[in-house]
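Peer 1: Quick check, what structure comes out for this input:
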Amino acid sequence: MNFFIQVSNPKYLHRISDEDIKNLSDAVEDSFPLKTEDAFLVWNHIYVPLSYKYDISYMIEDIVKMLKGLLENEKGSINICWLPDTFRCDWKIEWNAGEINILSHWDCTVGDLEELLNNDNSVKMPAEQFLNEWKKILELIVVALKHNGYSKKNCKGLDELITVYENITDVGVLYKEM
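Peer 2: Here you go, the predicted structure:
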């Protein structure tokens, strides 16, 4: 498989919701410590680490938008400019007839993996499998946010995250029962 996500087992903090936290990105950043396990996005057999505190918190709103588009439309496209300093890349995503194609350009990653990633910069797979790869990471984020007292009322975007999570039908390849 050319694309999958390893969630790992990060610690998350126990905080009382802060009135200054008004969006999903800030809530995710607030919920994870800097020193904890990373998630790994595996792109054509290259493991790219993602910090929960910074990478995923910066990416979460785009992740929700991307997955929502896939869930709601049989055909479509989206361009995403991932902005974290340690996961700086652009994805041109197109899907149709149950297949997804991603063409990427990598600018900056932890471990200076850009040249390797750009040498094999496309992924094609069933759209349902792509969606399934995101299920466990979304679940972990929802659990961490709820643990910290975030709700649909005090965290803009949490309702959309939960809806996307609930509409993904299965887990990714690493989490399927054998």
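
Peer 1: Which of the three states applies to Leu41?
Peer 2: strand (DSSP: H, G, I helix; E, B strand; the rest coil).

Peer 1: What about the residue nearest to it when sequence neighbours are not counted? Give its phi and psi, please.
Peer 2: Excluding its sequence neighbours, the residue lying closest to Leu41 (Cβ to Cβ, 6 or more residues apart in numbering) is Val48, at 4.8 Å. For glycine as for every other residue, the C-beta is placed from the backbone atoms N, C-alpha and C. When quoted as degrees, to the nearest 10, the phi and psi of Val48 stand at phi -110, psi 120.

Peer 1: Against Trp106, how distant is Val48?
Peer 2: For Val48, the distance to Trp106 under the criterion Cβ to Cβ, to the nearest Å works out to 9 Å.

Peer 1: shared neighbours of those two, anything?
Peer 2: Residues touching both Val48 and Trp106 (Cβ atoms under 8 Å, 6 or more residues apart in numbering): 113, 117.

Peer 1: Can you name the residues that contact the residue nearest to Leu41?
Peer 2: Val48 makes contact with 40-42, 87, 109-111, 113, 117, according to Cβ under 8 Å, 6+ apart.
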